[in-house]
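Novice: got a sequence here, can you build the structure:
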Amino acid sequence: MPRPFDVQTDSPAGVDEIFAAFGDKNYWHARIAEFGGGATTLDTLDVGADGSVAVATTQDLRHDLLPGPLTKVFRGNLSIRRTEAWRRSETGEVSGAVTISASGVPGSGAGDAALVALPDGSRLTLRGTVEVKIPLVGGRVEKVICDQIVVEIPQLQRFTSDWIAQHG
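Specialist: Next up is the predicted model:
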């Protein structure tokens, strides 16, 4: 059964600034350098005529890079493909769809995001589920992944705010 996650984080950067960063290749290269562990690639970055942004990355989780307990569960090499699709609504809100798919393990995840304006910046909300279909241990792996998402999303937003402050 899929495990849900729900995370919300505020940023001093505005919706327009964050949405613009999402469409900037330099932002993605910097983000990957900061969070990719040297094993993540930017596969595609497409900015549509309507301003929508679609991005895909792949992270190579080589067996020797996995935490000890996970090496017992996952015998081969793994890779994780992440996609993000962002678009602005007529009300000015930015919505996103995020997917995670794994190669080398029967697992996936998906979520919906909303980026809304606040008087002093913006708020990102991400809700979704993660599912790892491995008998006996899948639920524990899902919990680890969901816990990691809840920690990493605020870190990503802080990075994005800092990047905007430096490059905006």
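Novice: so what touches stretch 15-23?
Specialist: 11, 13, 27, 45, 47, 51, 53, 55, 84, 86, 88, 92-94, 115-117, 122, 124, 160, 163-164, 168 (CB atoms under 8 Å, 6 or more residues apart in numbering). Placement of C-beta: from N, CA and C, glycine included.
Novice: mind checking which of these are buried?
Specialist: If you count burial by 16 or more other CB atoms under 10 Å, the buried members of those come out as 11, 13, 27, 45, 53, 55, 84, 86, 88, 94, 115, 122, 124, 160, 163-164.
Novice: re earlier: now intersect the contacts of stretch 15-23 with the helices, please.
Specialist: Among those, the residues falling in helices (DSSP state H) are 27, 160, 163-164.
Novice: and these as CSV, adding pLDDT and distance to residue 149?
Specialist: Supplementary listing: these in CSV, determined by pLDDT from 0 to 100; distance: CB to CB, whole Å:
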residue, pLDDT, distance to residue 149
27, 98, 20
160, 98, 16
163, 98, 20
164, 98, 22
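Novice: which SSE is the residue lying farthest from the centre of the chain in?
Specialist: The C-alpha centroid of the chain is most remote from residue 136, which lies 26.6 Å away (CA atoms, centre = their mean). In this assignment (DSSP states H and E), residue 136 forms part of neither any helix nor any strand.
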